[in-house]
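In: Fold the following.
(2 chains)
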Amino acid sequence: AQSVAQPEDQVNVAEGNPLTVKCTYSVSGNPYLFWYVQYPNRGLQFLLKYITGDNLVKGSYGFEAEFNKSQTSFHLKKPSALVSDSALYFCAVRKYNFNKFYFGSGTKLNVKP
Amino acid sequence: EAQVTQNPRYLITVTGKKLTVTCSQNMNHEYMSWYRQDPGLGLRQIYYSMNVEVTDKGDVPEGYKVSRKEKRNFPLILESPSPNQTSLYFCASNGADTQYFGPGTRLTVL
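Out: Numbers count the residues shown, from 1 in each chain, chains lettered A, B, ... in the order given. Modelled structure (predicted):
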């Protein structure tokens, strides 16, 4: 069965410090990997994706993610967190040539001033 | 502007009273989905549609219906809502690489 795991319900970090939000997946074949962010009372916004190529992917708002095939992980990172980064983050995976997305349970990021 | 719209944004109703949540996209996408979001469970797919008149069940279809008579519209129908359908609902449509989400509909069934 296909699945996506976000092992941390919540991540707390001080403003200016680096942040990591973890994601691991279990999907056969070559997956497409995504990160979305959800601000309160808003829909999900696309942050970045990995399709192929360089394992380090850069996205919106200074976020990046590293694809690690051997560990089946796709962790979201940012070198210096902002209070405005506080939101709910979802990792998602899609099988190559399929339209269905599988979502993790979400990680709430709290950035304290 | 490329967008997915949903209506209503907020809805409070009572058990058994039929309701429809509309969804429309202006990107000419073929694949559309409905999700529900519940705390700790992430997004779960309710139904999806691969094109006009082609729909299929997702992971949690019980109690829901959909239709796809036109490419741009994909309404979600609750024939007899129950309290366990209280949730946040999102419509989405697939582009070449990613999904575009509507703003969400917060449904409360009393």
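In: how about the residues of chain B near chain A?
Out: By the rule C-beta under 8 Å from any C-beta of the partner chain, the part of chain B lying against chain A is B:4, B:31, B:33, B:35, B:40-45, B:48, B:50, B:58, B:90, B:92, B:94, B:97-104. C-beta here means a position set from N, CA and C on the backbone, and glycine is covered the same way.
In: Just the ones of these in strands?
Out: Among the residues of chain B next to chain A, the ones falling in strands (DSSP state E) are B:4, B:33, B:35, B:42-45, B:48, B:50, B:90, B:92, B:94, B:99-101.
In: Narrow those residues to just the buried residues.
Out: B:4, B:33, B:35, B:42-45, B:48, B:90, B:92, B:94, B:99-101 (16 or more other C-beta atoms under 10 Å in any protein chain shown).
In: Report the contact partners of the residue minimising distance to the centre of chain B.
Out: Nearest to the mean C-alpha position of chain B, by C-alpha atoms, centre = their mean, lies B:Trp34 at 3.3 Å. Counting by C-beta atoms under 8 Å, 6 or more residues apart in numbering or on different chains, B:Trp34 touches B:23, B:45-48, B:58, B:64, B:66, B:74, B:76, B:89-92.
In: Sheet partners, orientation included, of the helix or strand of chain A with the lowest mean pLDDT?
Out: The helix or strand of chain A with the poorest confidence is strand A:101-103; it has a mean of 88 (mean pLDDT, DSSP states H and E). Its sheet considered, strand A:101-103 pairs with strand A:87-95 (antiparallel) by DSSP bridges.
In: C-alpha coordinates for the strand it pairs with, CSV please?
Out: Taking Å, rounded to 0.1, in the frame of the first residue of the first chain, the C-alpha atoms of strand A:87-95 are listed here in CSV:
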residue,chain,number,x,y,z
ALA,A,87,1.6,27.0,9.4
LEU,A,88,0.6,23.4,8.7
TYR,A,89,2.8,21.6,6.3
PHE,A,90,1.8,18.5,4.2
CYS,A,91,4.0,16.1,2.4
ALA,A,92,2.4,14.4,-0.6
VAL,A,93,3.5,11.7,-3.1
ARG,A,94,2.2,10.7,-6.5
LYS,A,95,3.1,7.7,-8.4
